[in-house]
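# Give me a 3D structure for the following:
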Amino acid sequence: MKQLFSLLLLLFTATPHDSCKAEERIFVSGDRLTLGTEANRSASVRTADIDGDRDADLIVANGRHWPQQNYVFVNQNRSRFNVVRPLGVDRSTSYACEPADFDGDGDVDIAVGNDNAPCRIMLNDGNGVFSAGHEFGNPSSVRSLSLADIDGDGDIDILVTCRSQQNRIFLNDGAANFPDSTEFGTSDDSTIAVAVADINEDGHPDLLLANRDRQPNTILISNGSGTFRKPTLFGPVSLSSRSIATADFNADGHVDWVVGNVDAANLIFFGDGNGGVLTQKSFGPNDGKTYCVDVADFNNDDLPDIVVGNVGRANAVYFNSNLETAFDETHFGAADTATYGLCTGDFNGDGFADIAVANSDGLNQVFLNQVKKYP
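Reported below is the predicted structural model:
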């Protein structure tokens, strides 16, 4: 009788966190979850509600070094992306796209980053139809865009990484014009991605640079006026990093960050809250092939999980299984794809984060987050 009472007590006091951990999640795609029918040289995919109907639409940047058409895929409710619109008239050598309300009119615009061509703002008419806004920047080797209010004036500025050329921040005048810019990093940085976060907890956005070509990754601490201190290094000095994202992985209240690497294991850096690193942890294969990384809570246990997109290897989700940051690995997608970009969002409205991937020379796909069912 005592044993029965103890069992009942355990069942009735189980928390939602316990039940979430008991469910094994998998990521499933199919013919109806491909984005279009053409294999482009896609480099980036992002999600936003571009038509104001309260679901998650998708934007795909195509081309890389070769001009191709960019597209918007309109979600027709519950992950049916069967309406597609070209993003602009011209084909572009696009590496990046980032959605935000750049002109302050209440709808979502899109910034497009192009390789060796000017970047451009695409302005939304409020119904998900876009027209070309102003160009910004000179032609350079653009690899990614990141968004933040760097100068604290209440609008969205754009950080542009340029592999082996000077990275720049383009300052928004509030009307989606970017007449002024400042530099960040050094002119010989081989920066592929930058994350923005307040890692020293002084209320100002700091920068974390992921550099390729076996250059050290760097931290740029904000001076509070849109300028930054001299770079400090973090991690091994000979990595080839392509991606970076931030979260509080160990629930200590400080910003941590994850770096996706090529030819090395991926790394998590645990921040100390003062702009430095307490410790680091590797995960994934030692000969990593990670081109992109993002963070989401895929099993709704209030812990940030990690998703990585790989080239020549299946993509993977790493579930954060406890506060000591042990990770359980789940693969999705084919091993022969080249995933240059990915994003997360609840595309089918079931309350769980799904994944969209941008594949180079392969079909782009949505992977729905589902409970694994056993026979």
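# now residue 134: how far from residue 158?
12 Å (CB to CB, to the nearest Å). C-betas here are computed from N, CA, C, even on glycine.
# same check, this time on residue 133
In this view, residue 133 and residue 158 are 12 Å apart by CB to CB.
# Neighbour count for these two, which is higher?
Neighbours were counted for residue 133 and for residue 158 using other CB atoms under 10 Å; residue 158 has more, 26 against 21.
# Next up, identify which helix or strand the more buried one is on.
According to DSSP states H and E, residue 158 maps onto strand 157-162.
# Show me what that strand is packed against.
If you count contacts as 3 or more CB pairs under 8 Å, 6 or more residues apart in numbering; DSSP states H and E, strand 157-162 packs onto strand 142-148, strand 167-171, strand 191-197.
# Paired strands for the second one, with orientation please.
So that's strand 167-171. Counting by DSSP bridges, the strands paired with strand 167-171 are strand 157-162 (antiparallel), strand 180-184 (antiparallel).
# Please export the C-alpha coordinates of the longest one as PDB.
Presented in PDB, the C-alpha positions along strand 157-162 are these (Å, rounded to 0.1, in the frame of the first residue of the first chain):
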ATOM      1  CA  ASP A 157      20.300  49.300 -38.100                       C
ATOM      2  CA  ILE A 158      22.100  46.700 -40.200                       C
ATOM      3  CA  LEU A 159      25.400  44.900 -39.600                       C
ATOM      4  CA  VAL A 160      27.000  43.600 -42.800                       C
ATOM      5  CA  THR A 161      29.800  41.000 -42.700                       C
ATOM      6  CA  CYS A 162      32.200  41.000 -45.600                       C
END
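# please renumber so the chain begins at 52
With 52 as the first residue, the last one maps to strand 208-213.
# Just the residues contacting that strand, thanks.
The contact list for strand 208-213, computed with CB atoms under 8 Å, 6 or more residues apart in numbering, reads 149, 162, 164, 170, 187-188, 191-202, 218-223, 229, 235, 242-245, 247, 258, 260.
# give me that answer again for 6 Å
162, 191-197, 201, 218-223, 242, 245 (CB atoms under 6 Å, 6 or more residues apart in numbering).
# What are the boundaries of the helices in the stretch 152-301 of the chain?
Here the stretch 152-301 of the chain has no helices by DSSP state H, counting those that start in this stretch.
# pretty sure residue 91 is touching residue 119, no?
Yes: counting by CB atoms under 6 Å, residue 119 is a contact partner of residue 91 at 5.3 Å.
# So for those two, which sits in the more crowded spot?
A direct count of neighbours by other CB under 10 Å for residue 91 and residue 119 places residue 91 higher, at 25 against 19.
# re the thing from before, of the contacts of strand 208-213, which qualify as buried by neighbour count?
Using 16 or more other CB atoms under 10 Å as the burial test, the contacts of strand 208-213 include 162, 191, 193-197, 201, 218-223, 242, 245 as buried.
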